[in-house]
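Enquirer: below are the sequence and a predicted model; questions follow.
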Amino acid sequence: MAEPVLHVRGLMKSFGGVRASDNVELSVEPFETHAIIGPNGAGKTTLIAQLSGELAADAGTITFKGRDVTRLPSHRRSMLGLARSFQITSVFLNMTVVDNVALAVQAHRGHSFKFWKPAAADAELVEPARRTLEQVGLEARAGDPASALSHGERRQLEIAMALATEPELLLLDEPMAGMGQEESGRMVETLKALKGGKTMLLVEHDMDAVFALADRITVLVYGRVIASGLPQDIRNDDAVRRAYLGDEA
Amino acid sequence: MDAALAITQLLNGLQLGVLLFLLASGLTLVFGIMDFVNLAHGAFYMVGAFISATLTLWLGSFVLGVLLAIPLVVLVGIVTEVIAVRSLYLRDHLDHVLATFGLILIFDELTHIIWGPAGIAVPLPSWLQGQVEVLPEIVLPTYRLVIIGAGILVAGGLYYIVNHTKLGMLIRAGASNRTMVGALGVDVKTLFTLVFALGAALAGLAGMLIAPITEASIGMGNDIIITAFVVIIVGGIGSMKGAFIAAIIIGLIDTLGRSFLDDVFKLFLGDIAAETSAPAISAMLIYILMAVVLTFRPQGLFPPKVR
Amino acid sequence: MITDMGLRGWAILAMLVLLAVGPYAAYLAGHAFYLDLATRLLCLAIAAVSLNLILGYGGMISFGHAAYIGLGAYCVGIPAYYEYTSGFLQFPLAVGVCALFALVTGALCLRTKGVYFIMITMAFSQMAFFLFVSLEEYGADDGLTIDYRSEFGGLLDFESNVTLYYVCFFSLLAAIYLVHRIVNSRFGMAIQGIRSNEQRMRAIGYNTYVYRLVCYVVSGAMCGYAGALLGNFTSFISPEMMDWTRSGELMFMVILGGTGSLFGPVLGALGFLVLEDQLAELWLHWKLVFGIILIVTVLFARGGIDGILRKLEERWRG
């Protein structure tokens, strides 16, 4: 069995008296799509923030590709191959769609202390950016300002930016947040196309999407992992049913 | 080192510290509650000095002059808040800074128009002009002791208000959660105006206290406001406790540094080197302190709890 | 390309042509005053362009840029005091010293955000002010007069006001062009991304602190160059050039002109100086009107002159 891409051990994070992460244990295997589900307030976003490096854990370790990254700042983790998309859309509204993605490409093509040559004309940046836009289905909107995109399109752009950094692990924080039926369907298709080729850790509320995409599911309630395993096992797990799924699944 | 000189300078340092606290407390209160950066805070300092100077000369009594000037400064504060400041709360900090910079220009010119270009000297009553023998052979000007006393009294009063009254509770609640306060039915608009006026009064009081020593002059707020900013940066923006401690420290360091740094330097530098470098370094001392604090604690020494 | 330049493009071109020939023509006609005013305008415009790089494009609100103008000027004044009048020494010194000051203060300032950052830049500017006030040797409060402007071994005669004027003019064009290249380069895109969403930039792999710092240093160095030119022009250098209220005036120019545009700062400097000049003649208390204009600009015309031109252009087109 290959070494997990991501291994989290004993992760603890408290805010005042509230335990947002309570001894979280998690591992993500290469090329698997692993979903994290749980009710609101379960600490899912806090977990993602600790994994990507924006938030420092109080205790525990995060190992990425065999390397301890627990104390590493987020930009260093990105350079190691860990990419993240945000629950609240964080694209650069003051730039065009292709520039948004090109900026992500640029971060991983050497340093950016280049002051003279126009970036928009740089094929080394624009070509990969356009290819990534094709992957998410946004190539037609390449020249438009990001501010002109619909909500769903902006979520696609979010994914594109994470993809453009050529990551080994994609952390997706509610990619379907705020999307309607049709848009969600398109997003699921995009993610299905990535499935198996990329390792993904995905936080989602949309149960249809989760069961369509996930190879394994971990359930988080009040910061603790109450179950982790194959989708059908999770579906049938009593504790999970009580805490989260009810009798819908 | 002369003990008498040392004690005198210590006292001067405390006096500066107290004045800085009066200024900084208003600044940090307004920022903490309304998230508003008021560059023109020093204008209230100046206005307080001029109003109390005029009233003192007119009424023939310094104490009366100060007492009557305070409500007038409060009025100026209220008017400023309603006319200019209110529309800026929802804007970003850059807009605050720019608009209040414009306010400084306006206040300076209005003062010039009303009072003319020259400063106004404020005469002290004879009972405040004397000196007090605090320790054998150590004699200190009465008025400086009065300033320190007044400042500590005000600090105590502020502490009481903020921690033991309903207004203080609203102030502390406002600092931590503005929308909640509004949701509780408290008139946030009035609260903000009150807080702003309180800040203006504190600044005005500082100006009134210093005027007999330095005279009321146009633009007198513009230099000390930066020092007040250094105080709240070092103390932690939004923190009263931080403002008090930082103000005293900075007042002491600035005063003692200017007086004694060359003596300190002479201990390990040659006389000439000490005398040429000391004035320059002592001028920068409080900024060096600020830089050191920022290196190790970018949020200041006593930052208020996260909102 | 000429035909679709739009109202805004024409206004800027007109301004540049006016600056290129107007003051010299006035000088030949016996009105040296306009040459002087325009020289001062150009120096301040370069300083404003440098501030706009970090403010408009980088989103860093520095209220301490006057320090660089002063430092740059003193880098001409102090060597001149010791009879080193070579411009080949003074100008690189100005740029170097300012870059260093920006590096050291920036390294500290940029660890903070928002309001803290604004106040700390102001404080460092005051620090420089007090430092020079305390230097008795170089005139302290009273300032330093230089007898000879920078010498360039016969290549340029700075003693001629006309030569100095054109050096300033071409320096401004060069500064604007430099900012144009920087802003559109990889570095510039990174800086703009950081202004837009710093957290996102870190998430895609940028060490945002370092990029901001480099931008800050470039801006400080450019402003120091402007200071060296200004010091030459006035031939009188005092700590007052570094006072924080001067930083405020520079900031006013940038906002008045319109942030985040290449020519905005020039429009702002022009507007500022014209206002200052005209208002001062009308009323002793012209600063009162100035203050009101600033507040009105902030409240109602936040895009500045450039913003107004853009709006007019849109109306014209549609």
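Expert: Perfect, thanks for sending it. All of these numbers come straight from a predicted model, not from anything done at the bench.

Enquirer: report the central residue of chain A.
Expert: With distances taken as CA atoms, centre = their mean, A:L172 lies nearest the centre of chain A, 1.7 Å away.

Enquirer: now do the strands in chain B.
Expert: For chain B, applying DSSP state E gives strands covering B:131-135, B:138-141.

Enquirer: what sits up against the longest one?
Expert: Residues external to strand B:131-135 that are found in contact with it (CB atoms under 8 Å, 6 or more residues apart in numbering or on different chains): B:7, B:139-142, B:145. Glycine gets a C-beta too; all of them are placed from N, C-alpha and C.

Enquirer: what do you get if the cut-off is 7 Å, keeping everything else the same?
Expert: For strand B:131-135, the external contacting residues (CB atoms under 7 Å, 6 or more residues apart in numbering or on different chains) are B:139-142, B:145.

Enquirer: stretch A:89-107 too?
Expert: So stretch A:89-107 is contacted by A:112, A:119-120, A:125-126, A:128-130, A:132-133, A:138, A:141-147, A:149, A:154-155, A:157-158, A:160-161, A:164-165, C:186, C:189, C:192-193, C:196-197, C:199-200, C:204-206 (CB under 7 Å, 6+ apart).

Enquirer: out of those residues, which end up buried?
Expert: By neighbour count, with 16 or more other CB atoms under 10 Å in any protein chain shown, those hold A:112, A:119, A:125-126, A:128-130, A:132-133, A:138, A:141-142, A:146, A:149, A:154-155, A:157-158, A:160-161, A:164-165, C:186, C:189, C:192-193, C:196-197, C:200, C:204-206 as buried.

Enquirer: so what's B:D95 up against?
Expert: B:D95 neighbours (CB under 7 Å, 6+ apart): B:88, C:298.

Enquirer: recalculate using a threshold of 6 Å.
Expert: B:D95 makes contact with C:V298 under the criterion CB atoms under 6 Å, 6 or more residues apart in numbering or on different chains.

Enquirer: that one and C:I255, how far apart?
Expert: 9 Å (CB to CB, to the nearest Å).

Enquirer: ok, A:D173 next?
Expert: Separation of A:D173 from C:I255 (CB to CB): 37 Å.

Enquirer: before we move on, what about A:E139?
Expert: Distance from A:E139 to C:I255, by CB to CB: 39 Å.

Enquirer: which of the two has more neighbours?
Expert: Using other CB atoms under 10 Å in any protein chain shown as the criterion, A:E139 and C:I255 rank with C:I255 on top: 27 against 16.

Enquirer: look at that one and report its pLDDT.
Expert: At C:I255, the pLDDT value in this model is 92.

Enquirer: now do A:Y244
Expert: Confidence score, pLDDT, at A:Y244: 66.

Enquirer: likewise the one 5 residues further on?
Expert: Among the per-residue scores, A:A249 holds a pLDDT of 45.

Enquirer: and for A:A160?
Expert: 94.

Enquirer: quick one: it and A:V136 touch, right?
Expert: Yes: counting by CB atoms under 6 Å, A:A160 touches A:V136, with 4.6 Å between them.

Enquirer: please report phi then psi for A:R19.
Expert: With angles defined as degrees, to the nearest 10, A:R19 sits at phi -90, psi 100.

Enquirer: now do the same contact list for it.
Expert: A:R19 touches A:G223, counting by CB under 6 Å, 6+ apart.

Enquirer: if I look at A:A239, how far off is chain C?
Expert: For A:A239, the distance to chain C equals 34 Å [CB to the nearest CB, to the nearest Å].

Enquirer: shaky segments in the stretch 201-318 of chain C?
Expert: Residue ranges of the stretch 201-318 of chain C with pLDDT under 70: C:318.

Enquirer: please enumerate the helices of it.
Expert: Per DSSP state H, counting those that start in this stretch, the stretch 201-318 of chain C carries helices over the ranges C:208-234, C:244-257, C:264-282, C:286-300, C:304-317.

Enquirer: in a markdown table, list the ones you listed along with distance to chain B.
Expert: Converted to a markdown table, these look like this (distance: least, CB to the nearest CB, whole Å):
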| stretch | distance to chain B |
| --- | --- |
| helix C:208-234 | 12 |
| helix C:244-257 | 5 |
| helix C:264-282 | 11 |
| helix C:286-300 | 3 |
| helix C:304-317 | 11 |
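
Enquirer: of those, give the one that comes closest to chain A.
Expert: For the helices of the stretch 201-318 of chain C, the distance to chain A is smallest for helix C:208-234, at 6.7 Å, taking CB to the nearest CB.

Enquirer: pull out the buried residues from the closest one.
Expert: Buried residues in helix C:208-234, defined by neighbour count with 16+ other CB under 10 Å: C:208-209, C:211-234.

Enquirer: does that helix come close to chain A?
Expert: No: judged by CB under 6 Å from any CB of the partner chain, helix C:208-234 makes no contact with chain A; its nearest approach is 6.7 Å.

Enquirer: can you name every helix or strand that that helix contacts?
Expert: Other helices and strands packing on helix C:208-234, by 3 or more CB pairs under 6 Å, 6 or more residues apart in numbering or on different chains; DSSP states H and E, are helix C:32-52, helix C:66-81, helix C:87-109, helix C:186-196, helix C:198-203.

Enquirer: quick one, it and helix C:66-81 angle?
Expert: 50 degrees (axes from the mean of the first three to the mean of the last three CA atoms, to 10 degrees).

Enquirer: quick one: helix C:208-234 to chain centroid distance?
Expert: With CA atoms, centre = their mean, to the nearest Å as the basis, helix C:208-234 stands 9 Å off its chain's centre.

Enquirer: got a list of what the residue sitting furthest away from the middle of chain A touches?
Expert: The C-alpha centroid of chain A is most remote from A:W116, which lies 33.8 Å away (CA atoms, centre = their mean). Contact analysis of A:W116 by CB under 6 Å, 6+ apart lists C:181, C:185.

Enquirer: surely it is in a strand?
Expert: No: under DSSP: H, G, I helix; E, B strand; the rest coil, A:W116 falls outside any strand and is assigned coil.

Enquirer: for the contacts of strand B:131-135, which one is nearest C:C43?
Expert: Comparing the contacts of strand B:131-135 against C:C43 with CB to CB picks out B:P141 as the nearest, at 47.4 Å.

Enquirer: on that earlier part again, among the helices and strands packed on helix C:208-234, which is the most enclosed?
Expert: Highest mean neighbour count of these: helix C:66-81, a mean of 28 (counted as mean count of other CB atoms under 10 Å in any protein chain shown).
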